[in-house]
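>>> sequence and predicted structure, then a few things I'm wondering about:
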Amino acid sequence: MKKEIRVLVVDDSAFNRVSIGKMLEKISEVRIVGFASDGEEGLQRFFELKPDLVTLDLEMPKLGGFSMLRLMMQARPTPVLVISSHSGQADVFKALELGAMDFVAKPSRPVSAELYSIQDNLTRILRDFAGFAPEQFRLTDAGRSLPAVQPEAVTPVAVKRAYHPRVVVIGSSTGGPPALHRFFSSFREVPPLIFAVAQHMPPNFTRSFAERLNSHSVLEVKEAAHGDVMRPGAVYICPGGQNLLVQRRGDQLVARIVKPPAGQIYTPSVDALFQSAAQTCGAEVLGLVLTGMGNDGARGTRMIKEQGGMVLAESEESCVVYGMPKEAVATGCVSQVIPLDKLRLEILRYRR
């Protein structure tokens, strides 16, 4: 049975506080325990109420969202859901690096009934969150890791020495942006591999996210475009709100960007990326399932294994939340469970 989630709503706009409150009240697992109109009041309410989750606006008077986030993570690390406008993309990624759990994008007009368009996304995130105990979230304050949870024991599957992947497909969700930043910035040389990424993210954020990764990596990182010829040494980030498929054109691999089918829960879809790569490239595919809530990637993990490829999962000790990797491991098709910082070396081992 899923637990009740006690939520504190922090936003300097009275309209937003009321609107977010109404949307949250429609989610059966949620109980709103308080509201705050700025960071100072937010901190006071945070310490008084000890909520399970905080929704946080970043631009506020007196004490801004960043300062409040830092102070919360130093004193009592708690899952934070940033609710921010599209115009503050750089701020959103900074908040994620400071320890925010996830974010929901506000519509462009600040005071508008359009705000209610985020209801479905809020409901999905909060209901996924309700399936986890607070101690299952590995939170950080300004980059300082909290004590790690020991990963569950997984028996490694024997790997043939002849295994040489051509394409690395990566799926991630909650905690994914900082994990992907850490992973791609760890490369010191450009490997002869194609990377394709499905990170759960709304439209209009993935381009700036790709640019942010590109500025800190020796690899070329870009938002994938329909028809891109996928080259070794490059990273293709699926556009938010779309699916990225890998197709073959002669000897080349080509990116295909498609609209998600009706009823798809997670977007971009990790399963769609993994399954297309498995069907197209067979044993030349290596899948990585990183931190995230939900079960996206589990079906794709099975298909990669069935087609002769291999899947690695991030271990619980480095995940923000061990949801997607755990579901992938449960399929019995994951070869190894590895901490984030060791994934690069493991991947390069298969290229020798």
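That came through fine.
>>> can we go C-alpha only for contacts and neighbour counts from here?
Will do.
>>> pull up the gap between M101 and G227, please.
As judged by Cα to Cα, to the nearest Å, M101 and G227 stand 33 Å apart.
>>> more crowded one of these two?
Neighbour tally, M101 and G227, criterion other Cα atoms under 10 Å: the higher count belongs to M101, 26 against 13.
>>> list the contacts of that one.
79-82, 139, 174-175, 320 (Cα atoms under 8 Å, 6 or more residues apart in numbering).
>>> TSV please, covering those residues and showing secondary structure.
As requested, those are exported to TSV (DSSP: H, G, I helix; E, B strand; the rest coil):
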residue	secondary structure
P79	coil
V80	strand
L81	strand
V82	strand
L139	coil
T174	coil
G175	coil
V320	coil
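>>> where is pLDDT lowest across those residues?
By pLDDT, L139 ranks lowest within the contacts of M101, coming in at 69.
>>> can you give me the helices in the stretch 101-250 of the chain?
119-130, 176-185, 206-214 (DSSP state H, counting those that start in this stretch).
>>> and the first one, how far out from the chain middle?
Centroid separation for helix 119-130 versus its chain: 14 Å, with Cα atoms, centre = their mean, to the nearest Å.
>>> elements contacting it?
Contact partners of helix 119-130 among helices and strands, from 3 or more Cα pairs under 8 Å, 6 or more residues apart in numbering; DSSP states H and E: helix 14-25.
>>> so, low pLDDT: which residues of the protein?
1-2, 86-88, 108-114, 134-135, 139-162, 351-352 (pLDDT under 70).
>>> nearest residue to the most centrally placed residue in it other than its sequence neighbours?
The residue lying closest to the centre of the chain (Cα atoms, centre = their mean) is S173, at 2.2 Å. Leaving out its chain neighbours, the residue that sits closest to S173 by Cα to Cα, 6 or more residues apart in numbering is G292, at 4.2 Å.
>>> cool, and Q136?
In space, Q136 is closest to V321, 6.2 Å off (Cα to Cα, 6+ apart).
>>> what's the domain layout of the protein?
5-145, 167-349 (automatic domain parsing).
>>> out of those domains, which is the most enclosed?
Most buried of those by mean neighbour count (mean count of other Cα atoms under 10 Å) is domain 167-349; its value is a mean of 21.
>>> okay, how far is it across that domain, tip to tip?
14 Å.
>>> cool, stretch 231-246 as well?
Terminal-residue distance, stretch 231-246 (Cα to Cα): 12 Å.
>>> picking up where we left off before, which residues does the residue nearest to Q136 bridge with?
Beta-bridge pairing of V321 under DSSP bridges involves F137.
>>> contacting residues for it?
Taking Cα under 8 Å, 6+ apart as the definition, contacts of V321 comprise 136-138, 174-175, 291-293.
>>> possible to save the helices of the stretch 101-250 of the chain as JSON lines with distance to Q247?
What follows is those, written out as JSON lines (distance: least, Cα to Cα, whole Å):
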{"stretch": "helix 119-130", "distance to Q247": "30"}
{"stretch": "helix 176-185", "distance to Q247": "24"}
{"stretch": "helix 206-214", "distance to Q247": "21"}
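>>> of these, which approaches Y350 most closely?
Closest to Y350 of these is helix 176-185 (Cα to Cα; 16.8 Å).
>>> ok, back up a step: and the gap between the residue nearest to Q136 and Y116?
Using Cα to Cα, one gets 27 Å for the distance from V321 to Y116.
>>> ok, back up a step: would you reformat the contacts of V321 as CSV and include distance to R45?
Listed next are these as CSV, based on distance: Cα to Cα, whole Å:
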residue, distance to R45
Q136, 24
F137, 22
R138, 23
T174, 25
G175, 26
T291, 30
G292, 28
M293, 27
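>>> from those residues, which is closest to A262?
M293 (20.9 Å).
>>> quick check: chain neighbours aside, which residue is closest to the closest one?
That would be G323: by Cα to Cα, 6+ apart, it lies 4.5 Å from M293.
>>> distance check, the one you found against T291.
Taking Cα to Cα, one finds G323 at 7 Å from T291.
>>> and the strands in the stretch 1-150 of the chain?
5-10, 30-36, 53-56, 80-85, 102-106, 140-141, 144-145 (DSSP state E, counting those that start in this stretch).
>>> want to try a markdown table for those, with distance to G42 as columns?
Listed next are those as a markdown table, based on distance: least, Cα to Cα, whole Å:
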| stretch | distance to G42 |
| --- | --- |
| strand 5-10 | 6 |
| strand 30-36 | 5 |
| strand 53-56 | 9 |
| strand 80-85 | 12 |
| strand 102-106 | 18 |
| strand 140-141 | 17 |
| strand 144-145 | 23 |
